[in-house]
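A.B. asks: Give me coordinates for this.
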Amino acid sequence: MGAHRLLAVLALFGVGCRNGNLRVVRVTLTADPQSLDFGSTAPGTAVARSVTVNNLGRDSAHLRELLLEGGQAAFFSASPAAPITIEGNASATLTVTYRPLLDGSHSARLLIHSDASNNELPILLTGRSDVCGGESSEKSLRVVSAGGDFTCALESSGHVKCWGRNKFGQLGDGTTNNRATPIDVLGLPSDIKTVSAGYGQACVLRQSGRVLCWGTQGDNFSGSRPHPTPTDIPGLANVTAIAVGEEHTCVLTTAGGVKCWGTGEDGLEPLGDGLPANHGDADNPEPIDVVGLSSGAVALASSETNCVLTNTGAVFCWSGRNAGSPRGIPPTPIDVFGPTSGVVALSVGDVQTCVLTSGGGVKCWGQNFSGQLGNNSTVDVLSGSVDVVGLSDAVAVSVGGVHACALTSAGRVRCWGANGSGQLGDGTSSDRLTPVDVLGLTSTVRAISAGYGHTCALTCDNRIQCWGKNDEGGLGDGSMTNRLTPVDVRF
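C.D. replies: Numbering: from 1, shown residues only. The predicted structure is shown next:
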């Protein structure tokens, strides 16, 4: 019998009463199997598996809660709903459904809690999703990240290339010269896991959990000057995710905590510690803990505002005018969505924030002067959120400066909001209050990234196509001309 079929045994003890006499109640539960692997499926497609919970004792077992936890818990569901009673020497069948909305490998745990004890019966859940559907088995390009008029990409070899604006050395090539085509970032090790581009800085996360950055965090950062080659950030280890914002950077740790460093502008306090911004200087960044987020965070996003998603499904945001507070700019995290919100991913921009829900919809809030909330209106939403019109099959969302884009389960891209530079990719420069299709994409798209005035897509045929603002070469097509529809990056 394989390891995945091993019985997970949980002995639960309680106190019962029969005919006025106290007696010890013994309930023994087993689960078969103790792990469920859902294999590979396309984003938005549901796959169901069964698990049997056996009551080996003579007394009834009462399952008071079926709790899903972990980084991708929102992609899994279990039925029937608790409470569930299993009579003595009987069993119950639970159905677990996996419906991924993001590309990649996903895992979670189903915890079966009984009212007879505080102990729990855990079942490991795993699955994989590939929007390309096997179309591209060898992906030479792994990540694309669009920033402030520049873009970076991670190759499967571990090399990072950047192109576009280079005023702060954000291309990492040792110069401050703009580049209209990709150039190698110098001095990086080969174990790069991901890359994130912000306004004037880019950072990479290593497999070891260390972080290296280059460029600078903006004109307001103490001692701000170009840093055109990567520098290791001190005081950081065991990092699992990075998000480079407008003039600051935040990271997620293996413990589920969040740390930030940098500065803010116009009275913003992006570091989440409740104190005036600007910790350290450009030569000596000092990552600090965000108040109230020492554990439980599973995803984060940064721009002017910062937001995190927790393992309970709650969303917390701080700083910025799009943090979800009608009473000004919160210096420490506030609860924007509760644990039952169904949020599975989030993205923030200059003036708006959007989240992806488990049903394939997108909700946004913040300023709305160019229709960037996607609800067919230009009215600001500073408290609560609105649904983006016409999206029910989204598997990713990316928010740029004053626009946003969604990737659908079919590999299409739809964008809305400001379009003065063609960043919506619909062949016009007209703002759109609801999502429009990006025209001219030559292959199924597996990842998107919205920058401050441009947008890029990573395709299943291993290309990057970009559109929008290009006066400093951020589209990577060898020109400095804005593009209203996608063009190939010239690697």
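A.B. asks: Just the pLDDT for Arg64.
C.D. replies: Note for Arg64: predicted pLDDT of 82.
A.B. asks: which SSE is it in?
C.D. replies: strand 61-69 (DSSP states H and E).
A.B. asks: Tell me the buried residues in the following helix or strand past that strand?
C.D. replies: Counting by DSSP H and E, the next helix or strand C-terminal to strand 61-69 is strand 76-79. Counting neighbours by 16 or more other CB atoms under 10 Å, one finds that the buried residues in strand 76-79 are 76-78. Any C-beta I mention is one placed from the backbone N, CA and C, and that applies to glycine too.
A.B. asks: Save these as JSON lines, and put in distance to Arg64 too.
C.D. replies: Converted to JSON lines, these look like this (distance: CB to CB, whole Å):
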{"residue": "Phe76", "distance to Arg64": "19"}
{"residue": "Ser77", "distance to Arg64": "18"}
{"residue": "Ala78", "distance to Arg64": "14"}
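A.B. asks: and which of these is nearest Ser303?
C.D. replies: Set against Ser303, the nearest of the buried residues of strand 76-79 by CB to CB is Phe76 (29.5 Å).
A.B. asks: if I read this right, the closest one contacts Ala108, doesn't it?
C.D. replies: Yes: if you go by CB atoms under 8 Å, Phe76 and Ala108 touch, sitting 5.1 Å apart.
A.B. asks: any idea how far Cys354 is from Gly296?
C.D. replies: 22 Å (CB to CB, to the nearest Å).
A.B. asks: Check Ser347 too.
C.D. replies: Distance of Ser347 to Cys354, given as CB to CB: 6 Å.
A.B. asks: Ile123 too?
C.D. replies: Distance of Ile123 to Cys354, given as CB to CB: 32 Å.
A.B. asks: Between these two, point out the one with more neighbours.
C.D. replies: Comparing Ile123 with Cys354 by other CB atoms under 10 Å, the one with more neighbours is Cys354, at 30 against 23.
A.B. asks: rewinding a little: now the buried residues of strand 76-79 as CSV including pLDDT?
C.D. replies: Output for those, formatted as CSV (pLDDT from 0 to 100):
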residue, pLDDT
Phe76, 89
Ser77, 87
Ala78, 90
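A.B. asks: that older thread, show me the common contact partners of Phe76 and Ala108, please.
C.D. replies: 68, 125 (CB atoms under 8 Å, 6 or more residues apart in numbering).
A.B. asks: and after the helix or strand encompassing Cys466, which helix or strand comes next?
C.D. replies: Per DSSP H and E: Cys466 is located in strand 464-468. The first helix or strand that comes after strand 464-468 along the chain, using DSSP H and E, is strand 483-488.
A.B. asks: circling back to that earlier point, just checking, what packs against the strand holding Cys466?
C.D. replies: strand 141-146, strand 150-155, strand 454-459, strand 483-488 (3 or more CB pairs under 8 Å, 6 or more residues apart in numbering; DSSP states H and E).
A.B. asks: Most tightly packed of those?
C.D. replies: strand 454-459 (a mean of 28; mean count of other CB atoms under 10 Å).
A.B. asks: residues in contact with that one?
C.D. replies: Outside strand 454-459, the residues touching it (CB under 8 Å, 6+ apart) are 141, 143-144, 146, 149, 151, 153, 398, 400, 403, 405, 413, 415, 421, 423-425, 438, 441-449, 464-470, 474-475, 486, 489.
A.B. asks: Emit the PyMOL select command for whichever of the residues you listed are buried.
C.D. replies: PyMOL command restricting the contacts of strand 454-459 to the buried ones, with burial defined by 16+ other CB under 10 Å:
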select buried, resi 141+143+144+146+149+151+153+398+400+403+405+413+415+421+423+424+425+438+441+443+444+445+446+447+448+449+464+465+466+467+468+469+470+474+475+486+489
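A.B. asks: Kindly tell me how buried Ser105 is, as a neighbour count.
C.D. replies: The number of residues packed near Ser105 is 13, by other CB under 10 Å.
A.B. asks: er, Thr428 actually
C.D. replies: 14.
A.B. asks: ok, it to Ser398 distance?
C.D. replies: Separation of Thr428 from Ser398 (CB to CB): 20 Å.
A.B. asks: where in the stretch 151-300 of the chain is pLDDT low?
C.D. replies: Counting by pLDDT under 70, the ranges of the stretch 151-300 of the chain that qualify are 217-225, 264-285.
A.B. asks: quick one, strands of it?
C.D. replies: 160-164, 179-184, 192-197, 201-206, 211-215, 231-232, 239-244, 248-253, 258-262, 288-289, 297-302 (DSSP state E, counting those that start in this stretch).
A.B. asks: and Leu68, which of those strands is closest to it?
C.D. replies: strand 297-302 (12.4 Å).
A.B. asks: Give me the contact list for the closest one.
C.D. replies: Counting by CB under 8 Å, 6+ apart, 70-71, 198, 241, 243-246, 248-252, 256-258, 260, 270, 306-311, 345-348, 353, 399 sit against strand 297-302.
A.B. asks: Just give me how far it sits from the chain centre.
C.D. replies: 6 Å (CA atoms, centre = their mean, to the nearest Å).
A.B. asks: Could you export it as PDB, CA atoms only?
C.D. replies: Extracted in PDB, the C-alpha atoms of strand 297-302 (Å, rounded to 0.1, in the frame of the first residue of the first chain):
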ATOM      1  CA  ALA A 297       0.300  36.300   5.200                       C
ATOM      2  CA  VAL A 298       0.500  34.300   2.000                       C
ATOM      3  CA  ALA A 299       0.600  37.000  -0.800                       C
ATOM      4  CA  LEU A 300       1.400  40.700  -1.100                       C
ATOM      5  CA  ALA A 301       1.300  43.500  -3.500                       C
ATOM      6  CA  SER A 302       2.900  47.000  -3.400                       C
END
